[in-house]
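Novice: model this:
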Amino acid sequence: MSAGIETDTVTYEQLVELECQFDDVDTEISEAACLRKQYFLTKPLYARRKDIVSKIAGFWPLVLEEAPPELDSCIQPSDSEIFATGLQSIEVDRFELKSSVEGADGDPRSISIKFEFAENEWFEERLLEKRFWWRRASDGWTGLVSEPVKINWKGKDPTKGLMDGAVKLWEARKRCGDMRKRDMPEFDHMAKITENWNGDNTSFFTWFAFVSPRRWVSEQESAAAIKEEKARRSRIGKLEENGAVQLPAEDQLEKQVEAHEDGDTIATILAEDVWPGAIKYFTQESADSDEGFEDDEQDDDSDGADGDDSGEERLDLRKLAQGSGSKAGGGAANGGEQPPRKKRRA
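Specialist: Take a look at the predicted model:
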């Protein structure tokens, strides 16, 4: 009798496990389908928004002023100055999708993020594009991977060598045909830099050097893993276990040479929060600016000795975006005096 009870218990647990696996599959399919449909339905709306905001001075710098905390923590005072005086537009595209909503090719979770700049004193490029591919590893891991983007700085490199180090390591690994190779001087050099510098204490532009939160997953490995996963799902009635992914120890070694460990998170925030919510962030920043203007008027009417003596000034992005900021040789990215850190609302 007890054996029967044990069998029933095991069977029940297996059914629960099976139901969870079905839910996971349904969720993944639903999310991908939703992203695909949303992309094509909103495309003309984003095109219209692009035309409208191109007539608003400093729209995108002001949007970034209201960025979520995870993104804001990566934006330094020198970055704010670059954005305010040079950033003209941001655009997100799900580049693997075909031109029809019915098309099934390409993963909608792969994204490209473009930053368009006016000619500026900091770097040579007018367009910076960062691409992220959604990949599945042979061990079951899924996520975004990228390639480092080289920025040609006209003056001092605000990434403290992280960008150049990431690019050199990437190119060295490509030349030898092994994206996991570590016994090379480029790996040691990058590991040395990351002992002191990272995406949080250098510059937002370090994000362009991001590669992967773990070892590199190639297109070939991902295709094979996706094929195997589809086969596994077709056998799901056999109750094959597919527990949580245990990342190998080599992933910890790869983190030693990652320029920006949160690069995939920043990409997701830009694509799924800042990009669709740009109008909301812009209007919020405008409201905050109006409140700040009223507060400044009240401060001017009061005794200066009773005011805030912290010495912190507000970086006026609107003024910089309209061309009133100093642009001649004093940029923080070029080693000049840094503008004050922008104040955040409480």
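
Novice: what sits closest to A191 if chain neighbours are left out?
Specialist: Spatial nearest neighbour of A191, excluding adjacent residues (C-beta to C-beta, 6 or more residues apart in numbering): Q256 at 4.5 Å. In short, each C-beta sits where N, CA and C put it, glycine included.

Novice: count of neighbours near that neighbour?
Specialist: Counted with other C-beta atoms under 10 Å, residues neighbouring Q256 total 14.

Novice: where does the closest residue to F208 other than its chain neighbours land in three-state SS?
Specialist: Residue nearest to F208 in three dimensions, not counting chain neighbours: V149, with 4.2 Å by C-beta to C-beta, 6+ apart. Here V149 is recorded as coil under DSSP: H, G, I helix; E, B strand; the rest coil.

Novice: next up, phi/psi of V149, please.
Specialist: In terms of degrees, to the nearest 10, the main-chain angles of V149 are phi -110, psi 130.

Novice: now do the contacts for the nearest residue to E96 once chain neighbours are set aside.
Specialist: Nearest residue to E96, sequence neighbours excluded (C-beta to C-beta, 6+ apart): G106, at 3.1 Å. Shown in contact with G106 (C-beta atoms under 8 Å, 6 or more residues apart in numbering): 94-98.

Novice: surely G106 is within a strand?
Specialist: No. According to three-state DSSP, G106 belongs to no strand; its state is coil.

Novice: how close does it get to A32?
Specialist: Relative to A32, G106 is positioned 10 Å away (C-beta to C-beta, to the nearest Å).

Novice: with E272 instead?
Specialist: To A32, E272 is 14 Å away according to C-beta to C-beta.

Novice: show me where the stretch 51-200 of the chain has helices.
Specialist: Remark: helices assigned in the stretch 51-200 of the chain by DSSP state H, counting those that start in this stretch are 59-65, 69-72, 77-86, 162-176, 185-193.

Novice: and the first one, what does it pack onto?
Specialist: For helix 59-65, the helices and strands in contact under the criterion 3 or more C-beta pairs under 8 Å, 6 or more residues apart in numbering; DSSP states H and E are helix 77-86, strand 87-93, helix 278-301, helix 317-321.

Novice: where among the ones you listed is average confidence lowest?
Specialist: Lowest mean pLDDT within the helices and strands packed on helix 59-65: helix 317-321, at a mean of 59.
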